[in-house]
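*Asks:* sequence and predicted model, in that order:
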Amino acid sequence: MSKHKNSHHQRIGERFESFVAKHPIWNNPLFIACNNNKLSLEDYGFVISQHFYYSRGFTRLLSALMMQCDNDYYRAELSHNLWEEAGEEDQENCHSNLLRRMITNTFGLDNPDATEFRDYTVGYFNDCLDYLKNGDLIRAAAFLGWGTEGVVPRIYSHFFNGLTKLGVPEEELLYLSLHMECDDEHSEVIEAIALDACNDDTETHWLAIEEAIDHSLTLRDRYFRQLYEELEARQLKQLVKQVTNEKPYADLAQLNDLYANVANKQGVPLYKNDAQDQNVSFEVTRFKVASEVIDPRLLEIPVGKRNEKHRHAHESVFYVLSGSGIVHVDEQEIKVAAGDLAYVPRWYDHYTQNTGDTPLKVLALTDYGFTRCFAKNTERSYRQQPDNVAV
């Protein structure tokens, strides 16, 4: 009977790290939204409460792998993993209960088990279970080890970092931090099962292993995209509801941002770029009024300079406050001076050039509040220097 020894196997799974790192899952819009602080606490609550269906059923996935395994030693190792998942002697602190408490305490959802789980959530779990039950041992172990357990720390770090940036105390996120720290040991056990099934000959079984890893990551990528698509739809539905109800819905007494003085720049810095080799120099200030769709900005360009050529999802109306210049939209040139309006449609390359002898100041009214509801339409997505985006 072979046994799992790290010194012998030398973490063969590391050979697949580059394959995993290149998978499209890491460009998932849900992760991008987490990293760009685009999700609210309510958004995270929806995502993680849906994920609870997978978490509470994870022991079923381990059991399916155990069913494929004919090695007593590794069945014992998997039994220990099941025992850990169940909280060992402390049932109250089993992994699923840790997540239940997190969902209740952090997101205010009193009964996570009563969540209305989406069809695609149930479907994702069943797809994973079916693959483990119906595949061979090598593929099943690669799917659950390198393709699932091995990437949990990286995936959960997106959620953990996003929630802490929202001010959630780390002690409330024990479920996430625990899995970020310990799942490597679980993946090593499952890796050892795969290697044992391969007789340590991963070269012969390389394609089967990569196919299983890819399938696991692809299923999860699709699932997270479905979650994010619903988040987007929820935001749009809320806007539509507020329009079609034909009733005031905002409490004016609670809205602090009903006024801003443009001349005094009573806003917050948004972006600036000073690329002298391109004759680019400008800065943008955002005015934080309590609007949902309209996003007003002040664009300032020094004499003889221009802003960078760029394109984006939102449309813009420029009102020139002072100075003169040319707004370039695709091949069109629009000469403007104080008091003029210029319109920039969505997705056209455009830039503005100061051709006068005083600074050019433009009030730009955009519908960024609407377009930011869609994946990839962030302030950083269309800037030449995304690290210069301040808010």
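*Replies:* The structure has been received and is ready for your questions.

*Asks:* going forward, measure contacts and count neighbours with C-alpha atoms only.
*Replies:* Will do.

*Asks:* in the stretch 1-150 of the chain, what residue spans correspond to helices?
*Replies:* For the stretch 1-150 of the chain, helices defined by DSSP state H, counting those that start in this stretch occupy the ranges 6-9, 17-21, 29-35, 41-56, 58-68, 72-85, 95-107, 119-134, 137-144.

*Asks:* and the third one, what other elements does it pack with?
*Replies:* Under the contact criterion of 3 or more C-alpha pairs under 8 Å, 6 or more residues apart in numbering; DSSP states H and E, the helices and strands touching helix 29-35 comprise helix 152-165, helix 206-244.

*Asks:* one step back: got the helices of the stretch 1-150 of the chain as CSV, with distance to Leu252, mean pLDDT and mean neighbour count columns?
*Replies:* As requested, these are exported to CSV (distance: least, C-alpha to C-alpha, whole Å; pLDDT from 0 to 100; neighbours: other C-alpha atoms under 10 Å):
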stretch, distance to Leu252, mean pLDDT, mean neighbour count
helix 6-9, 64, 40, 11
helix 17-21, 49, 90, 13
helix 29-35, 30, 93, 20
helix 41-56, 23, 95, 19
helix 58-68, 47, 86, 20
helix 72-85, 49, 72, 17
helix 95-107, 27, 91, 20
helix 119-134, 39, 96, 17
helix 137-144, 52, 91, 27
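
*Asks:* among these, which is nearest Asp357?
*Replies:* Nearest to Asp357 among the helices of the stretch 1-150 of the chain is helix 29-35; the distance by C-alpha to C-alpha comes to 41.5 Å.

*Asks:* contacts for the closest one?
*Replies:* Contacts of helix 29-35 with the rest of the structure, by C-alpha atoms under 8 Å, 6 or more residues apart in numbering, involve 39, 158-159, 161-162, 224-225, 227-228, 375-376.

*Asks:* how about that helix as PDB, C-alpha atoms only?
*Replies:* Taking C-alpha atoms only, helix 29-35 is exported to PDB below (Å, rounded to 0.1, in the frame of the first residue of the first chain):
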ATOM      1  CA  PRO A  29     -15.800  40.000 -14.000                       C
ATOM      2  CA  LEU A  30     -16.800  39.100 -10.400                       C
ATOM      3  CA  PHE A  31     -13.200  39.100  -9.300                       C
ATOM      4  CA  ILE A  32     -12.500  42.300 -11.200                       C
ATOM      5  CA  ALA A  33     -15.500  43.900  -9.400                       C
ATOM      6  CA  CYS A  34     -14.100  42.800  -6.100                       C
ATOM      7  CA  ASN A  35     -10.600  44.200  -6.800                       C
END
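
*Asks:* quick one: which of the contacts of helix 29-35 is nearest to Glu246?
*Replies:* The nearest member of those to Glu246, counting by C-alpha to C-alpha, is Leu39 at 27.6 Å.

*Asks:* quick check, Lys247 in a strand?
*Replies:* No: under DSSP: H, G, I helix; E, B strand; the rest coil, Lys247 falls outside any strand and is assigned coil.

*Asks:* the closest residue to Asp330 other than its chain neighbours: how many residues sit nearby?
*Replies:* Among residues not flanking Asp330 along the chain, Asp349 sits closest, at 5.3 Å (C-alpha to C-alpha, 6 or more residues apart in numbering). For Asp349, the tally of surrounding residues (other C-alpha atoms under 10 Å) stands at 16.

*Asks:* put the buried members of the contacts of helix 29-35 into a ChimeraX selection.
*Replies:* Applying 16 or more other C-alpha atoms under 10 Å to these, the buried members can be selected in ChimeraX as follows:
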select :39,158,159,162,224,225,227,228,375,376
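
*Asks:* where's the dip in pLDDT among the contacts of helix 29-35?
*Replies:* By pLDDT, Ala375 ranks lowest within the contacts of helix 29-35, coming in at 63.

*Asks:* related to what we said a few turns ago, contacts only, for the residue nearest to Asp330.
*Replies:* So Asp349 contacts 309-311, 329-330 (C-alpha under 8 Å, 6+ apart).

*Asks:* among the residues you listed, which are in strands?
*Replies:* Val329 (DSSP state E).

*Asks:* as CSV, the contacts of Asp349 with distance to Gly369, neighbour count and pLDDT would be great.
*Replies:* Converted to CSV, these look like this (distance: C-alpha to C-alpha, whole Å; neighbours: other C-alpha atoms under 10 Å; pLDDT from 0 to 100):
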residue, distance to Gly369, neighbour count, pLDDT
Lys309, 22, 17, 95
His310, 19, 14, 95
Arg311, 16, 20, 95
Val329, 22, 20, 97
Asp330, 24, 14, 96
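
*Asks:* kind regards, and thank you for your time.
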